[in-house]
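Student: task: produce atomic coordinates for the following.
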Amino acid sequence: MNKLVFDRISKSYGKTKALTDFSASLEPGIYALLGPNGSGKSTLMNILTDNLKADCGKICYCGEDVLKMGVRFREKIGFMPQYPGMYGNFTAERFLWYMSALKGMKKEDAAKSIPEILEAVELSDVANHKISSFSGGMKQRVALAQAVLGDPSVLILDEPTAGLDPKQRIAIRNYISRIAFNKIVIIATHVVSDIEYIARDVIMLKKGVIVDNAPPAELLRKIEGQVWSVSVTEEKVQPMQEKYRVTNILKDDDGVSLRILSEKQPTESSRPVKPTLEDYYLYVFGERTGG
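Tutor: Predicted coordinates:
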């Protein structure tokens with residue numbers, strides 16, 4: 001069984017604790033690491049890829065310590081860093097050929113995989129263009145392509161949709177879902193919509209500590225009856241923001257519609273609405289006000 005276990009991973013930078021006793025057990029499927037900047041997501045991924053040493057704890061893959069596995073484990077992972085470095089003079093296709101050589105892929109396997117991956121990330125039409133001419137979003141898609149090259153068992157994606165337009169985000173999200181059936185896929189992001197409908201479990205990190213770890217549906221049940229739609233005049237928007245946690249403001253012809261997080265009904269005319277994962281994210285990480 002493809003299984004990855006984190007056992008009490010901790011890491012500090014001086015007096016700042018980036019991770020504290022991080023423990024989790026992962027099997028094939030998509031796992032989302034959610035949290036604001038500085039929550040420890042990138043630190044965890046860099047420890048997993050052996051780019052950073054943990055202060056204590058260990059990670060095991062199929063029962064074996066990944067540090068002892070060394071190159072045998074690194075051969076099983078695909079990593080897309082948040083800020084990937086690439087050779088600008090390489091074309092997208094040449095870069096993938098270069099990465100396939102570094103990964104030790106057979107030429108016939110690379111020849112079959114590279115065109116398929118370029119098509120999946122919507123780069124086929126610019127496969128022979130230099131990476132230096134690419135936009136930020138296009139470079140993100142090249143980074144994803146190199147991560148999935150070689151069919152890794154563990155796929156690690158740090159902010160995979162940064163810089164992509166909505167159409168590209170959906171295409172990449174669907175592609176990740178399609179290839180995740182037999183892989184452990186870890187996605188670190190603070191864009192909740194990217195993972196709400198594809199994540200098997202959501203691991204929420206706050207200042208290096210797990211504050212929740214459960215399937216999305218289970219998280220949403222925790223705030224059922226605490227999300228409200230409230231119609232107000234423009235003059236009442238500011239007072240409502242001061243009193244309640246307002247997660248969305250929508251102006252229309254009849255006034256302003258507020259989406260509010262509150263354990264109690266904010267006003268007599270407010271009505272309960274179905275919570276989203278973004279509501280829960282703000283419930284955990286947003287500033288607490290009245291209500």
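
Student: show me where the stretch 1-150 of the chain has its helices.
Tutor: 41-48, 66-69, 71-74, 92-102, 107-120, 136-148 (DSSP state H, counting those that start in this stretch).

Student: mind giving me the packing neighbours of the first one?
Tutor: Here helix 41-48 touches strand 4-13, strand 16-26, strand 29-34, strand 154-158, strand 184-189, going by 3 or more C-beta pairs under 8 Å, 6 or more residues apart in numbering; DSSP states H and E. Quick note: C-beta positions are derived from backbone N, CA and C, even for glycine.

Student: need the ones you listed in JSON lines with distance to Lys167, can you?
Tutor: Formatted as JSON lines, these follow (distance: least, C-beta to C-beta, whole Å):
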{"stretch": "strand 4-13", "distance to Lys167": "32"}
{"stretch": "strand 16-26", "distance to Lys167": "30"}
{"stretch": "strand 29-34", "distance to Lys167": "21"}
{"stretch": "strand 154-158", "distance to Lys167": "19"}
{"stretch": "strand 184-189", "distance to Lys167": "18"}
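
Student: which stretch among the helices of the stretch 1-150 of the chain comes nearest Thr189?
Tutor: helix 41-48 (8.0 Å; C-beta to C-beta).

Student: model confidence over that closest one, on average?
Tutor: For helix 41-48, the mean per-residue pLDDT is 92.

Student: cool, and stretch 265-282?
Tutor: 93.

Student: equivalent analysis for stretch 124-144, please.
Tutor: Across stretch 124-144, pLDDT averages out at 91.

Student: related to what we said a few turns ago, got the helices and strands packed on helix 41-48 as a markdown table, with mean neighbour count columns?
Tutor: Output for the helices and strands packed on helix 41-48, formatted as a markdown table (neighbours: other C-beta atoms under 10 Å):
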| stretch | mean neighbour count |
| --- | --- |
| strand 4-13 | 17 |
| strand 16-26 | 18 |
| strand 29-34 | 24 |
| strand 154-158 | 24 |
| strand 184-189 | 25 |
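
Student: list phi and psi for Asp279.
Tutor: Main-chain dihedrals, Asp279, degrees, to the nearest 10: phi -60, psi -40.

Student: for it, grab the count of nearby residues.
Tutor: Each residue near Asp279 was counted by other C-beta atoms under 10 Å, and the total is 24.

Student: that one contacts Arg245, correct?
Tutor: No. If you go by C-beta atoms under 8 Å, Asp279 and Arg245 don't touch, sitting 9.6 Å apart.

Student: okay, and the beta partners of the closest residue in space to Pro81 that isn't next to it in sequence?
Tutor: Nearest non-adjacent residue to Pro81, counting by C-beta to C-beta, 6 or more residues apart in numbering: Asp158, 5.4 Å away. In this entry, Asp158 is beta-bridged to Ala188, by DSSP bridges.

Student: mind checking how far Asp158 is from Gly35?
Tutor: As judged by C-beta to C-beta, to the nearest Å, Asp158 and Gly35 stand 12 Å apart.

Student: what's the closest of the helices and strands packed on helix 41-48 to Pro239?
Tutor: Using C-beta to C-beta, the helices and strands packed on helix 41-48 put strand 29-34 closest to Pro239, at 30.7 Å.

Student: mind giving me the packing neighbours of that closest one?
Tutor: Packing partners of strand 29-34 (3+ C-beta pairs under 8 Å, 6+ apart): helix 41-48, strand 184-189, strand 201-206.

Student: got any residues that touch both of Asp158 and Gly35?
Tutor: The contact sets of Asp158 and Gly35 overlap at Lys41 (C-beta atoms under 8 Å, 6 or more residues apart in numbering).
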